[in-house]
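In: Give me a 3D structure for the following:
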Amino acid sequence: RRILHFVIWLTLQCLCLAQYHYHIKCPKNNHPEFKFPSEYKELQRVYEWKNLQYGFPSEQERQELLRNGRYNPGSPIPIDIDVYYPTNGARPRLFVTSPRFGQGVPYSLAYVTDVQGENGTLLQAYPSYQWHSSHGGNCDGLTSVYRVHIDACGQMWILDSGEIEFMQHCAPQVVVIDLATNQLIHRYRLPETSYKAKVSRFVNIFADIRDPPPGGQCKDVFAYLADPTSKAIVVYDVTGQQSWRIENKFTYPDARFGTHTVAGESFELLDGPLALSVTPLGLGLRRHLVFHALSNDLEVAIPLDVLNNATNWRAGLSASLSEFVTLGRRGVQCASHAISRKGFLFCGFLEPIGIFGWDIRRPYTRENVRLLALNPDTLQFVSGMKIVRRPSDGREELWLLSDRLQKIFAGTIDYAEINYRVLRCDVDDLLQGRGCF
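Out: Modelled structure (predicted):
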């Protein structure tokens, strides 16, 4: 059954991607039989938790939150991960998000400490405990963070949905922190024209730095925000201080993929755009935003020069439809994805439970989407995925967070077991099959 979902691709395998690649011809319809390797390729396990371990300013504060319900040890669910390598050569800093799906989450953005707790490594609030402690009462703080993006300039782009237990307390906002100083350097509250009140839920952000170091000043930036519940992508022009929504048939889910099955357990979710990434600079390709809905098997791209022009989107649902490129179909859902600087897209499939890779210069077909790591235990629902450049040698690392989300939906999670994992592998090692040890 694991193989079946992957093997069922659309019969139209000839995908002419002239708008995406300038010189690729359509392949012949002669795909080889897909085969799994006889052994799993493992990813290095960096951290593991039975449930998340939170640190507090004092034991008195912890006990108070336990009494008033603002801390329930079974409530937090880790969703995303990102990693920062300080420029001074110090050890990397690891950040984890846990949105406030319920009242019992004391803070939704944390860094991982060196302190080992009973159920895993201890977390501490970031940028500080005070940023989170109002629980939606102070909109100058952070209310609920789903995902973050650390750029090449050492800046953390934080997407705050403004919700607690799916009730809007504050307007959605983008907050940018300088990781060298841990200070706020930018904030943008989304105007009401950029989201749908009581419908929108912002869950992902990707900041495209168009003037990166060492030659650039990190000032020319467009950020892309995923709003799956209102089936839209929001573009934020940082320099122009304006944002606009893109919503059309390409941002919608497909009802055939509304049932998500992982390791034999299923849940229902009909979400729009989730995964966001852009064509890297320096590949000689027209740059695109590559995205997909969680509840869809279709991979889609839109040129950045079209996306970043607000005037192209004034027609609403019918705006710029001819500019979208349907890259291909997987036949199964994938949550987060990421693209390396050499143009390899990585994605965690729900079934089979593994990490697959695709060279974006080639057609998105079954023969070109390669299985790179397969582990039905450690890779159950890869919710967070980042590619991070290691300054010491310039190599890239793939970082993952898996959270067994299907067990949370089904109510079968067992906190006596390892449920949440952070894994890592060098990108080149993973692509070349050398393993991750």
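In: can you give me the helices in this protein?
Out: 2-7, 59-68, 304-307, 405-410, 427-431 (DSSP state H).
In: farthest residue from the center of this structure?
Out: What lies farthest from the middle of the chain is residue 60; by CA atoms, centre = their mean that is 35.0 Å.
In: Which among the helices of the chain is found nearest to residue 356?
Out: In terms of CB to CB, the element of the helices of the chain nearest to residue 356 is helix 2-7, at 8.6 Å. C-beta here means a position set from N, CA and C on the backbone, and glycine is covered the same way.
In: any low-confidence regions in the protein?
Out: 1-42, 435, 437 (pLDDT under 70).
In: which one of the helices of the chain lies closest to residue 140?
Out: Per CB to CB, nearest to residue 140 of these: helix 59-68, 20.6 Å.
In: List the buried residues in the closest one.
Out: residue 65 (16 or more other CB atoms under 10 Å).
In: separation between residue 375 and residue 102?
Out: Using CB to CB, to the nearest Å, we find residue 375 at a distance of 29 Å from residue 102.
In: So these two - more neighbours on which side?
Out: Neighbour totals were compared for residue 375 and residue 102, and residue 375 leads with 18 against 15 (other CB atoms under 10 Å).
In: Hmm, that one is touching residue 353, no?
Out: Yes: the criterion here is CB atoms under 8 Å, and residue 375 meets it with residue 353 at 6.7 Å.
In: residues near the closest residue to residue 320 other than its chain neighbours, how many?
Out: Leaving aside its sequence neighbours, residue 320 sits nearest to residue 312 (CB to CB, 6 or more residues apart in numbering; 4.9 Å). As a burial measure, residue 312 scores 17 neighbours (other CB under 10 Å).
In: switch to numbering from 408
Out: Sure, I'll start numbering at 408, so the last one becomes residue 719.
In: related to what we said a few turns ago, mind listing what the residue farthest from the centre of the chain touches?
Out: Not one residue lies near residue 467 by CB atoms under 8 Å, 6 or more residues apart in numbering.
In: try residue 763
Out: 741, 753, 754, 755, 756, 776, 777, 778, 779.
In: Can I have the buried ones of these as a ChimeraX selection?
Out: Typed into ChimeraX, the line below selects the buried ones among the contacts of residue 763, using 16+ other CB under 10 Å:
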select :741,753,754,755,756,776,778,779
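In: check contacts around the closest residue to residue 531 other than its chain neighbours.
Out: Nearest non-adjacent residue to residue 531, counting by CB to CB, 6+ apart: residue 462, 4.5 Å away. Neighbour list for residue 462: 520, 522, 529, 530, 531, 532 [criterion: CB under 8 Å, 6+ apart].
In: From residue 641, how far out is the nearest residue to residue 726 once chain neighbours are set aside?
Out: Using CB to CB, 6+ apart and skipping the chain neighbours, the partner closest in space to residue 726 is residue 720 (4.7 Å). Remark: distance between residue 720 and residue 641 (CB to CB) = 11 Å.
In: where's the closest residue to residue 619 other than its chain neighbours relative to residue 695, distance?
Out: Closest residue to residue 619 apart from its sequence neighbours, by CB to CB, 6+ apart: residue 559 at 4.6 Å. Distance check for residue 559 against residue 695: by CB to CB, it reads 19 Å.
In: which of these two has more neighbours?
Out: Under the neighbour definition other CB under 10 Å, residue 559 and residue 695 were set side by side, and residue 695 has more, 24 against 14.
In: wait, isn't the more buried one in contact with residue 732?
Out: Yes: taking CB under 8 Å as the definition, residue 695 is a contact partner of residue 732 at 7.1 Å.
In: ok, back up a step: so the residue nearest to residue 727 touches residue 711, yeah?
Out: No: counting by CB under 8 Å, residue 719 does not reach residue 711; the two are 11.5 Å apart.
In: shared neighbours of residue 720 and residue 641, anything?
Out: Counting by CB under 8 Å, 6+ apart, the shared contacts of residue 720 and residue 641 are 651, 652, 653.
In: want to try CSV for these, with distance to residue 634 and neighbour count as columns?
Out: Putting the shared contacts of residue 720 and residue 641 into CSV (distance: CB to CB, whole Å; neighbours: other CB atoms under 10 Å) gives the following:
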residue, distance to residue 634, neighbour count
651, 12, 22
652, 8, 21
653, 10, 25
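In: In strands, which of these appear?
Out: Counting by DSSP state E, these place 651, 652, 653 in strands.
In: So the first one versus residue 530, what's the distance?
Out: Computed as CB to CB, the residue 651 to residue 530 distance reads 35 Å.
In: residues near residue 731, how many?
Out: When neighbours are defined as other CB under 10 Å, residue 731 has 20 of them.
In: Spit out the contact partners of the residue nearest to it when sequence neighbours are not counted.
Out: Of all residues not flanking residue 731 in the chain, residue 657 sits nearest, at 4.8 Å (CB to CB, 6+ apart). Residues in contact with residue 657 (CB under 8 Å, 6+ apart) are 705, 707, 709, 728, 731, 733.
In: which among those residues end up buried?
Out: 705, 707, 709, 731.
In: And the second one, how close does it get to residue 507?
Out: Residue 707 sits 30 Å away from residue 507, taking CB to CB as the criterion.
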